[in-house]
Each structure stands twice: as structure tokens, then as C-alpha cells.
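Trainee: got a sequence here, can you model it:
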Amino acid sequence: MARITYIEHNGTRHEVDVKPGMTVMEGARDNGVPGIDADCGGACACSTCHVYVDPAWLDQLPPRDPMEEDMLDFAWQPDPERSRLTCQIKVTEALDGLVVQMPERQI
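Mentor: I've put the predicted structure just below:
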């Protein structure tokens, strides 16, 4: 398992154990973490699972693919460096300790 910390816009923290092979979005959805809507169910067809990745973790994630880059154009206040769609981040044991913060809202 990998422990992922999801931080709501208001600062509320949710520490969740997520099984490797799942996505960071599925970990939030399956554990009732508010702030990650995931309207498309993980198909990378919306931006409602947008988060800001803690800077300490940026180099440990795989790069964004072109589809994710395109969808981030529709996210609420995307950050060119830190924004990711959680449906596109596969959990591995190496991501144990990952910290992500939700934006003020999802669109």
C-alpha cells in the first residue's frame, strides 16, 4: 500500500492507503475524499480530478502525456508545473507519502 495525503483547499487533510495499480483518483473516490469529483470516471475526458502535486514529488511522477496536458487547459487555475489529473497517476509503492492539494473548485 501507498499512503497518499489529499489536502482540501481549506487545509483539511485526508491520509489514505491506496493499493498499487489503482490511480490517485480511485484512491480518493473509494475513500470518500471530497474535492475530487472525477466526473468522467477516470477516462481523462474532463478536469474534475485536478490537483496540485507537492513540489517535493514532482520529479518522482511520470511526465504528463498530451491528453492530460489538453485536459488541464480546462482545469480551475492550473499551475504549469504542479497541476496533474489524478486519474493519470498510477499508484506504486514508490509513491508512498505522496501529497496532493485540491484546488478551490473543480470545473
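Trainee: any chance you could map the strands in the chain?
Mentor: Taking DSSP state E, the strands of the chain run over residues 2-7, 13-18, 50-53, 83-85, 99-101.
Trainee: which residue is nearest the centroid of this protein?
Mentor: T86 (2.9 Å; C-alpha atoms, centre = their mean).
Trainee: as CSV, the strands of the chain with mean neighbour count and distance to G35 would be great.
Mentor: From N, CA and C alone the C-beta is placed, and that goes for glycine too. Shown next, in CSV, are the strands of the chain (neighbours: other C-beta atoms under 10 Å; distance: least, C-beta to C-beta, whole Å):
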stretch, mean neighbour count, distance to G35
strand 2-7, 19, 7
strand 13-18, 15, 9
strand 50-53, 24, 8
strand 83-85, 24, 14
strand 99-101, 20, 9
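Trainee: a markdown table for those strands, including distance to G27?
Mentor: Output for the strands of the chain, formatted as a markdown table (distance: least, C-beta to C-beta, whole Å):
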| stretch | distance to G27 |
| --- | --- |
| strand 2-7 | 5 |
| strand 13-18 | 3 |
| strand 50-53 | 12 |
| strand 83-85 | 14 |
| strand 99-101 | 10 |
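Trainee: figure out which of the ones you listed is closest to G42.
Mentor: strand 83-85 (9.1 Å; C-beta to C-beta).
Trainee: and that closest one, how far out from the chain middle?
Mentor: 6 Å (C-alpha atoms, centre = their mean, to the nearest Å).
Trainee: by contact count, what packs against that strand?
Mentor: Identification of packing neighbours for strand 83-85 by 3 or more C-beta pairs under 8 Å, 6 or more residues apart in numbering; DSSP states H and E yields strand 50-53, helix 66-72.
Trainee: again, only using 10 Å
Mentor: If contacts are counted by 3 or more C-beta pairs under 10 Å, 6 or more residues apart in numbering; DSSP states H and E, strand 83-85 sits against helix 24-30, strand 50-53, helix 66-72.
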